[in-house]
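*Asks:* compute the structure for the input listed below.
(chains A and B)
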Amino acid sequence: MGALGQLGAAALKVCEPTSLLLMIAGVTIGIIFGSIPGLSASMAVALMLPLTFSMSSSLGMNVLVAVYIGGISGGLISAILLNMPGTASSIATTFDGYPMAQKGEAMKALGVGIVFSFLGSIFSFIILTFFAPWLADVALKFAAPDNFGICFFALTMVAILSSGNMVKGLLAGMLGLVFALVGLAPIDGTARFTFGIPEMRGGFNTLTTLIGIFAVADILVSAETIGQGIKTIPVKKVKGFGFSVAEFFKWIPGAIRAALIGTGIGILPGIGGSTSGMLAYVTAKNMSKHPETFGQGDPEGIVATECANNATIGGALIPLLVLGIPGDGVTAMMLGGFLIHGLSAGPLLFVKNADVVYGIFAACMICALIMLIIEWTCIKAFVQVLKVPKHVLLPLILVLCAVGAYATNNRIFDVQSIVVFGVIGYLYHKFKLPTTPFVLCFLIGRMTEEYLRRGLMRFKTFGAFFTRPIFCVFFAIAVLVILWSLVKEIRASKAAKNS
Amino acid sequence: MFFRKYGDIVTGIFYAVLGAVVIYLSKQLPKSKVMKIGPDFMPMLIGIIILILALMLLFSAIKNFKANAEKAASMPADTSDYKRVLASLVLVVIYVNILAPVGFIISTLGYLFLQIVVLAPNDRRTLKHLMSYAVLDIVFVFVVFFLFRYGFKIVLPAGIFTL
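*Replies:* This next block holds a predicted model:
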């Protein structure tokens, strides 16, 4: 039976009432976990795992997939409405989603986010279904130097992000790198910049950093003007998903690009949804004819991020299913689920348990549809949050942030660090430093160093990296990006002088 | 006004000091015995880049100081309410530090109420409003606590109030 036939048979099985109901419950739980910062998709999968013990293996896996998909997508709700990324994957959604919500376009922003989350997921699942084994072979070819090349390339994106005032943008990013250094060094575990504080050995948690930089800083920034009168954010009512067919088709090329980036990053173990969303966002900004509107509430920013971070799900399932390699926390939990149900993820899974594999593929697609329907029907309920006056809403958000930060690791240190990052975010705002480079550098800094040193351990010299074609391609693109940004910057400053 | 006029100079000085500190601290780190690039390489590299960029920023800020100062003077005055910012910051700092010893329920009950009052515009601080904030405060805190405790199985710091 061909892939299509098996997929069809699996889809019929997945659509049985019990399975469908359980998947709806799974997606809903995932969305709730995803939208509350600190409660991650991996935590939701971990909590649901024991509940699947009594189910058949295929049903159990479908429920876990449902939770995973809901968890990644749910992050967009709090990112758009509250400037608080519910999951690390939805950081870049805040860049344009929150300004849109502030302008009264919350419903449109949510509509765009939901539809393109769905499309991104479906795109990656189609690739997963038809090309998984082949792509897994490609992923195996990536060694540490190649991953270093990708990270280095991602870091050079900071130069693009900070065009207009490159020195300040780069400095803004550098602080992110400094914070990424805190903790035990990769490979040898030397404690760096911990100042003898035991909690600092683990480094700063990604999510707490993001919560601090965005949500806590936002409270301080809002406090500046909040006394000038009561403020509620207007919400424009929309029909359907809030955008026209013409707009939809205009966004499609960007969406495909973002979905490709998301799936590609997802396939490579260890890089993850947060990076793919950021990369897709920066690429969209860079390729746009009007890059200046990004960050001011441009729906194309949401299209890029949401498409990419959801496409990462399908990508991440490829090495998990085909090779048994989990790429991140959630897929590691899923691997646990496989083992509990007596399935061994890896090449044999396709031979021995093809029904389960195709069941997962079918479940992925149906869960994406369930996610679309649930989130769309609830848009009106979500935006009610904005009706709460800001002076009441912001303190509630802060308490949720503190609880979320605590929940990530059960450490008070994480709660304290959101305040530190909140102050940094506020000072960045006052000194007109962009926060995006900080976030990008913080996310990728640690990984870059780790892959560089791992690569050097294996290949001895940096020169040997250049014998690897994949590394060379990314390194060359990175160098070109730097040169191009420099030329653009010099030209812009000359033009400013002349005028 | 201060931020507009001296913003870049302050930023430059901060980063120059940061760069120097990072370089100094990386020198204290042990070198790797097995490979050339040890745990001190990245911090050192980052420190040097920060120092160079900071000096570039300082140089251009001092060079363009007059033009920027004139531009800043022509802009409308800064009307930011720093009292509310500072009060919020103090409250948040106290809150995160008493969260563990005092416990989630009591510290949040206190923090949330005070923070809403600090942020509320002056005409929203009447007795009637304060009462409604207090009710919201109590309901929210208990809903969050029980939701996390029994819904998500996450035990928030109990402090002196063990449930």
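
*Asks:* residue A:86 looks like it's in a helix, true?
*Replies:* No. Counting by DSSP: H, G, I helix; E, B strand; the rest coil, residue A:86 falls outside a helix, being coil.

*Asks:* which one is it nearest to, not counting chain neighbours?
*Replies:* residue A:75 (3.6 Å; Cβ to Cβ, 6 or more residues apart in numbering or on different chains). Bear in mind the C-beta positions are built from the backbone N, C-alpha and C, glycine included.

*Asks:* I figured that neighbour hits residue A:85, correct?
*Replies:* Yes. Between residue A:75 and residue A:85 there is a contact under Cβ atoms under 8 Å: 6.0 Å.

*Asks:* mind listing the shared neighbours of these two?
*Replies:* Common neighbours of residue A:75 and residue A:85 (criterion: Cβ atoms under 8 Å, 6 or more residues apart in numbering or on different chains): residue A:93.

*Asks:* please identify which of these two sits among more neighbours.
*Replies:* Between residue A:75 and residue A:85, residue A:75 has the larger neighbour count (other Cβ atoms under 10 Å in any protein chain shown), namely 34 against 30.

*Asks:* the bottom helix or strand of chain B by mean pLDDT?
*Replies:* Within chain B, no helix or strand scores below helix B:65-74, which has a mean of 76 by mean pLDDT, DSSP states H and E.

*Asks:* and it, anywhere near chain A?
*Replies:* No. Under the criterion of Cβ under 8 Å from any Cβ of the partner chain, helix B:65-74 makes no contact with chain A; the nearest approach is 11.2 Å.

*Asks:* which strands or helices does that helix pack on?
*Replies:* Here helix B:65-74 touches helix B:2-28, going by 3 or more Cβ pairs under 8 Å, 6 or more residues apart in numbering or on different chains; DSSP states H and E.

*Asks:* whichever residue of the stretch 1-150 of chain A sits closest to chain B: neighbouring residues, count only.
*Replies:* The minimum distance from the stretch 1-150 of chain A to chain B, using Cβ to the nearest Cβ, falls at residue A:39 (6.3 Å). Residues lying near residue A:39 (other Cβ under 10 Å) number 25.

*Asks:* what sits against the residue nearest to it when sequence neighbours are not counted?
*Replies:* Of all residues not flanking residue A:39 in the chain, residue A:33 sits nearest, at 4.3 Å (Cβ to Cβ, 6+ apart). Contacts were defined as Cβ under 8 Å, 6+ apart; by that measure residue A:33 touches A:39-41, A:43-44, A:67, A:70-71, A:74, B:152.

*Asks:* flag every buried residue along the helix ranked longest in chain A.
*Replies:* Ranked by residue count, the top helix of chain A under DSSP state H comes out as helix A:106-140. For helix A:106-140, burial by neighbour count (16 or more other Cβ atoms under 10 Å in any protein chain shown) applies to A:106-129, A:132, A:135-136, A:139.

*Asks:* follow-up on the earlier one: element containing the residue nearest to residue A:86, please.
*Replies:* helix A:57-82 (DSSP states H and E).

*Asks:* next one: that helix to chain centre, how far?
*Replies:* Here the centre of helix A:57-82 is set off from its chain's centre by 13 Å, with Cα atoms, centre = their mean, to the nearest Å.

*Asks:* swap in stretch B:120-137?
*Replies:* The chain centre lies 26 Å from the centre of stretch B:120-137; the measure is Cα atoms, centre = their mean.

*Asks:* now do the least confident helix or strand of chain B and helix B:2-28, the angle between them.
*Replies:* Orientation of helix B:65-74 against helix B:2-28 (axes from the mean of the first three to the mean of the last three Cα atoms, to 10 degrees) gives an angle of 130 degrees.

*Asks:* mind exporting helix B:65-74 as PDB, just the C-alpha atoms?
*Replies:* Provided in PDB are the C-alpha atoms of helix B:65-74 (Å, rounded to 0.1, in the frame of the first residue of the first chain):
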ATOM      1  CA  PHE B  65      26.900  65.500  20.700                       C
ATOM      2  CA  LYS B  66      26.100  69.100  19.800                       C
ATOM      3  CA  ALA B  67      23.700  68.200  16.900                       C
ATOM      4  CA  ASN B  68      22.000  65.600  19.100                       C
ATOM      5  CA  ALA B  69      21.600  68.000  22.000                       C
ATOM      6  CA  GLU B  70      20.000  70.600  19.800                       C
ATOM      7  CA  LYS B  71      17.700  68.000  18.400                       C
ATOM      8  CA  ALA B  72      16.800  66.800  21.900                       C
ATOM      9  CA  ALA B  73      16.100  70.400  23.000                       C
ATOM     10  CA  SER B  74      13.600  70.900  20.200                       C
END
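
*Asks:* which positions within it qualify as buried?
*Replies:* B:68, B:72.

*Asks:* got a list of contacts for it?
*Replies:* Residues from elsewhere that reach helix B:65-74, judged by Cβ under 8 Å, 6+ apart: B:1, B:4-5, B:8-9, B:61.

*Asks:* of the residues you listed, grab the buried ones for PyMOL.
*Replies:* The following PyMOL line selects those of the contacts of helix B:65-74 that are buried, judged by 16+ other Cβ under 10 Å:
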select buried, chain B and resi 4+5+8+61
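
*Asks:* most distant residue from the middle of chain B?
*Replies:* What lies farthest from the middle of chain B is residue B:34; by Cα atoms, centre = their mean that is 39.6 Å.

*Asks:* could you tell me which ranges of chain B sit under the pLDDT cut-off?
*Replies:* B:1, B:160-163 (pLDDT under 70).

*Asks:* in it, which spans are strands?
*Replies:* Along chain B, counting by DSSP state E, no stretch forms strands.

*Asks:* how about the most centrally placed residue in chain B, nearest residue that isn't a chain neighbour?
*Replies:* Centroid-nearest residue in chain B: residue B:89, 7.8 Å away (criterion: Cα atoms, centre = their mean). Spatial nearest neighbour of residue B:89, chain neighbours left out: residue A:220 (6.4 Å); criterion: Cβ to Cβ, 6+ apart.

*Asks:* what's the strand or helix carrying that neighbour packed up against?
*Replies:* In the assignment (DSSP H and E), residue A:220 maps to helix A:217-225. For helix A:217-225, the packing partners by 3+ Cβ pairs under 8 Å, 6+ apart come out as helix A:390-409, helix A:412-430, helix B:82-102, helix B:104-119.

*Asks:* same list (those) but as CSV, adding distance to residue B:157.
*Replies:* Below are the helices and strands packed on helix A:217-225 laid out as CSV (distance: least, Cβ to Cβ, whole Å):
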stretch, distance to residue B:157
helix A:390-409, 7
helix A:412-430, 7
helix B:82-102, 5
helix B:104-119, 5
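
*Asks:* go through those helices and pick out the most buried.
*Replies:* Comparing the helices and strands packed on helix A:217-225 by mean neighbour count (mean count of other Cβ atoms under 10 Å in any protein chain shown), helix A:390-409 comes out on top with a mean of 24.

*Asks:* give me the nearest residue to residue A:48, chain neighbours excluded.
*Replies:* residue A:67 is the one closest to residue A:48 (Cβ to Cβ, 6+ apart), at 5.0 Å.

*Asks:* from what I see, that neighbour and residue A:43 are in contact.
*Replies:* No. The pair residue A:67 / residue A:43 is not scored as a contact, 9.8 Å apart, by Cβ under 8 Å.

*Asks:* compare those two (neighbour count), which wins?
*Replies:* The neighbour comparison of residue A:67 against residue A:43 (other Cβ under 10 Å) goes to residue A:67, with 35 against 22.

*Asks:* quick one, what contacts the more buried one?
*Replies:* Taking Cβ under 8 Å, 6+ apart as the test, what residue A:67 contacts is A:26-27, A:29-30, A:33, A:41, A:44-45, A:48.
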